[in-house]
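In: requesting a structural model of the entry that follows:
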Amino acid sequence: MSATETAAAPLQDPGPIAQPASPARRAPRSGAGRRITVGLAAVVLAFFVLSAFAPSLIAPHGYDEVNPQGILAAPSGDHLLGTDENGRDVLSRIVHGSANSLILGFGAVAIALAGGTLLGLSAALGHRVTNALLMRIVDVGLAFPEMLLALVIIAVVGPGPTNALIAIGVATIPSYARVIRAQALTVRRSSYVEAAHALGLHRTHVLLRHVLPNALRPVIVIATIGIGTATLAGAALSFIGLGVSPPAPEWGSMLATSRTFLKQAWWYGTFPGLAITALVVSTSVLGRALQAKFEGRRA
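Out: So this is what the prediction gives:
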């Protein structure tokens, strides 16, 4: 075939080219996907909260119910998640362990939120010298990783679930204090706060009615995510023997005990680990959904 014939050969029509979906068409899909994700996260967190308050409604066995004939039994109809080295039902221990794990998470966040609010508002609304002094204290706390600071506190006060809760909470106070201070400074300069002062409203009324509610909005997001982070930190402390100790059910201590039986009982450590992961992911999803709502976006 000559070059002329080749050049004259008709081009084949490739057919219609698929056009990418417009942002307007993609938005409903992404919005529905976000709602489903947030809904699943809420269900997971609600399940763990229900497990903590009413474990007998979910757990098929007692957490300390021993079955010598079912030691390290694989998952089955009688034991959906298998049994441990004493023949205790793993699912029941995870369900009953929700209380100990969530107490560490929620309790630590409550301490951090209370301490951070006190320090942050005192720094933002106090005298310049008070602000400088408190923020230097906060900077010292932020200079250390939170887990390292918690370990130092436990080394001073001793191990145990209550001390672990306090240590995690105190170690995270600086992070909350800095966020609350920054937000309180922003709110204090807003027009409605200045108008409240111009109307002669009492300083305490302005603080409780205008400054505090608006300053806590971003902190609610951090606290929601922090529940999962604090629970993970509590599980880590229990894992190394500084938190909840066996035979009490707790996810971190279950992981620690399961290390000896990894080869013959994979389920023993897998499912407590999945419980920790599910809680951390669900609180993170819910926290970011709250952030989107506060910022005016649809979560």
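In: residue 114: what's it in contact with?
Out: Applying C-beta atoms under 8 Å, 6 or more residues apart in numbering to residue 114 gives no contacts. The way it works is simple: take the backbone N, C-alpha and C, and place the C-beta from them, glycine included.
In: heads up, I number from 26, so please use that
Out: Will do, 26 is the new start, and the previous item becomes residue 139.
In: who's in contact with stretch 143-161?
Out: By C-beta under 8 Å, 6+ apart, stretch 143-161 touches 162-163, 198, 201-210, 213, 232, 236-237, 240.
In: can you tell me which of those residues are buried?
Out: Among these, those classed as buried by neighbour count (16 or more other C-beta atoms under 10 Å) are 163, 198, 201-206, 208-210, 213, 232, 236, 240.
In: max pairwise distance over those: which two?
Out: Farthest apart among the buried ones among the contacts of stretch 143-161 by C-beta to C-beta are 198 and 213. That separation is 21.3 Å.
In: ok so, going back, by pLDDT, give me the weakest of the buried ones among the contacts of stretch 143-161.
Out: For the buried ones among the contacts of stretch 143-161, the weakest pLDDT value sits at residue 232, with 68.
In: read off the pLDDT value for residue 219.
Out: Reading off the model, residue 219 has pLDDT 65.
In: make that residue 172, sorry
Out: The predicted local confidence for residue 172 is 93.
In: what's around it, how many residues?
Out: By other C-beta atoms under 10 Å, 16 other residues sit near residue 172.
In: check contacts around it.
Out: Per C-beta under 8 Å, 6+ apart, neighbours of residue 172: 196, 258, 261.
In: for residue 185, give its distance to residue 192.
Out: Distance, residue 185 to residue 192, using C-beta to C-beta, to the nearest Å: 10 Å.
In: closest to residue 316 out of the contacts of residue 172?
Out: Closest to residue 316, out of all of the contacts of residue 172 and judged by C-beta to C-beta, is residue 258, at 21.6 Å.
In: so after the helix or strand where residue 147 lies, what's the next helix or strand?
Out: Using DSSP states H and E, residue 147 sits in helix 115-150. Using DSSP H and E, the helix or strand that follows helix 115-150 towards the C-terminus is helix 153-167.
In: ok and that following helix relative to helix 115-150, angle-wise?
Out: 150 degrees (axes from the mean of the first three to the mean of the last three C-alpha atoms, to 10 degrees).
In: right, and the helix or strand after helix 153-167?
Out: The first helix or strand that comes after helix 153-167 along the chain, using DSSP H and E, is helix 171-182.
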